[in-house]
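>>> I'd like to go over a predicted model; first the sequence, then the structure.
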Amino acid sequence: MIEIDGTFGEGGGQILRTSLALAAITGQGVHITRIRGGRKKPGLMRQHLTCVKAAAEITGGVLTGAELNSQELAFTPGKIRSGAYRFAVGSAGSTLLIAQTVIPVLLQGDGVSHVVIEGGTHCEKAPLWEFFRDVYLAALRKMGAEVAAELESVGFYPAGGGRILLDIAPVKTWRPFVCMERGRLLESALTALGSGIDEKILEDEIRLCRKQLPGVEFRAKWLNADSPGPGNALFARLDSENITELFGVCGSFGVSRSQVSERVAGMVKKYLAVNAPVGRYLADQLLLPMALGAGGRFLTLPVSQHTTTNCEVIRRFLDVGIGIANNENGTFTIEVKK
């Protein structure tokens, strides 16, 4: 088995998710110790346990240590089986992080798969649904992947209750992902999403965020979501000639509307201040499909520890070259060579 120490690098759940996906795809067993050892609450939470069980179900694999709070896991995968699957977190754990675990696996299958995932769709420290749909999946399509996605219901923390539907077809031909220029900004949109909260909060988030970004002409809207519990998210979408990026923040108890708007505005400012098309979050999420596919290169902002950690995990499973070059102008070039 490939041995993975869950404390290295950023020491979080991404080490687990990337390891599970690559074990399933390569057929190599993996033994992970000190799972999420860099977190205040280490071990498998519900969201992570759902990823583990999903990888095992899709491959008919064998698990040991697959229990809540477990800090050690062994996974011996079988053969990838396309089909119909349903995975329920049982909490507001992110459906999108589970999706990013199973999609690369099912892209290697022998038929179309239909996947239902239930849990959170708008959660802190995870991609928002809109980012997943408009940014991540759009990038996968440029690489040759065919993934259709539908949001059936919104799930905010802590109630959850979200539900997403995925149709995943095997990749016929991978294409390199190359994105070195953002191109002209075509459209900017601000959206405030809420459930069970005063509409004035949504209006204020839009107004305050616009005020901090006077140089950007936003098309704005606020929406009431049909969700089992209260919640809120504010996100800015930037459509450029060569790429779409989205920056979002979930509101939570004790976080003011001004703090939410400041955080979103801050991310947009950092992105627009440097002429790099790929944001830090997307950079991290592109690496696995690029390494599985035809490689490529892109220009991004200063790389996160998530990104460098993900590089190292990928190298443990695949014979692939991943280079990160500091261009010394606030941008970095990441290249994946097959």
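That came in fine, so what should we check first?
>>> Looks to me like residue 203 is in a helix.
Yes: per DSSP: H, G, I helix; E, B strand; the rest coil, residue 203 lies within a helix segment.
>>> mind checking pLDDT for it?
Looking at residue 203, its pLDDT is 96.
>>> correct me, but residue 160 touches residue 122?
No: here residue 160 does not reach residue 122: they are 10.4 Å apart, not a contact under Cβ atoms under 8 Å. Backbone N, C-alpha and C define where each C-beta goes, glycine included.
>>> Mind checking which of those two has more residues around it?
residue 122 (30 against 27; other Cβ atoms under 10 Å).
>>> Look up which residues are beta-bridged to the spatially closest residue to that one that is not a sequence neighbour.
Using Cβ to Cβ, 6 or more residues apart in numbering and skipping the chain neighbours, the partner closest in space to residue 122 is residue 233 (4.5 Å). For residue 233, the beta-bridge partners are residue 193, residue 250 (DSSP bridges).
>>> quick one, what contacts residue 233?
122, 128, 156, 192, 193, 194, 248, 249, 250, 251 (Cβ atoms under 8 Å, 6 or more residues apart in numbering).
>>> again with residue 252
124, 157.
>>> let's go with 7 Å and repeat that
Going by Cβ atoms under 7 Å, 6 or more residues apart in numbering, residue 252 touches residue 124.
>>> again, but for residue 278
Residues near residue 278 by Cβ under 7 Å, 6+ apart: 179, 243, 298, 299, 300.
>>> Can you name the residues bridging to it?
Bridge pairing for residue 278 (DSSP bridges) gives the partners residue 300.
>>> pLDDT score for it?
According to the prediction, residue 278 has pLDDT 98.
>>> ok, back up a step: how much space separates the residue nearest to residue 122 from residue 54?
As for residue 233, its distance to residue 54 is 25 Å (criterion: Cβ to Cβ, to the nearest Å).
>>> now residue 124
Distance, residue 124 to residue 54, by Cβ to Cβ: 22 Å.
>>> what about these two, which has more around it?
In this view residue 124 and residue 54 are compared by other Cβ under 10 Å, and residue 54 has more residues nearby, 24 against 15.
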